[in-house]
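Trainee: Coordinates for the following, if possible.
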Amino acid sequence: MPPTNPRSWLQAYGKAVLIFAYFVIATVWLPSRILGVSFISTAPAALRDLVGSGVWFGFLVAGMWTLRSLQAKGWI
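Mentor: Below is the predicted model:
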């Protein structure tokens, strides 16, 4: 069995950490932060729910679309 290239493993781990960080920041931290903004936090509950869900869904779809595009190009 040929030896593995340690750089490729480091690159894979680096990419995995970046992907994980994006999804944590974009789908957990950012919606929470946006819901804490004063004019949104004082809005009616239905509007807060719509804004929070919209931000979460938008960044989730953007992240998944980007992952698929990068996969199709062979970058990940």
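Trainee: In this protein, where is pLDDT below threshold?
Mentor: Along the chain, the model assigns pLDDT under 70 to residues 1-7.
Trainee: mind listing the helices for it?
Mentor: In the chain, the segments counted as helices under DSSP state H are 6-24, 30-35, 38-41, 45-73.
Trainee: Please tell me how far the most centrally placed residue in the chain sits from Thr66.
Mentor: For the chain, the residue nearest the mean C-alpha position is Phe23 (2.4 Å; CA atoms, centre = their mean). Separation of Phe23 from Thr66 (CB to CB, to the nearest Å): 11 Å. Placement of C-beta: from N, CA and C, glycine included.
Trainee: quick one on the thing from earlier: can you tell me, leaving aside adjacent residues, what's nearest to the residue nearest to the centre of the chain?
Mentor: Nearest non-adjacent residue to Phe23, counting by CB to CB, 6 or more residues apart in numbering: Gly63, 5.8 Å away.
Trainee: related to what we said a few turns ago, among the helices of the chain, show me which one is buried the most.
Mentor: Burial of the helices of the chain is given as mean neighbour count (mean count of other CB atoms under 10 Å); helix 30-35 ranks first at a mean of 15.
Trainee: So which residues make contact with that helix?
Mentor: Residues outside helix 30-35 that contact it (CB atoms under 8 Å, 6 or more residues apart in numbering): 40-41, 48, 51-52, 55-56, 59.
Trainee: ok, now stretch 41-56?
Mentor: Contact partners of stretch 41-56, identified using CB under 8 Å, 6+ apart, comprise 27, 30-31, 34-35, 40.
Trainee: any chance of these in TSV, plus distance to Leu18?
Mentor: TSV is the format used below for the contacts of stretch 41-56 (distance: CB to CB, whole Å):
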residue	distance to Leu18
Thr27	15
Leu30	16
Pro31	20
Ile34	22
Leu35	25
Ile40	29
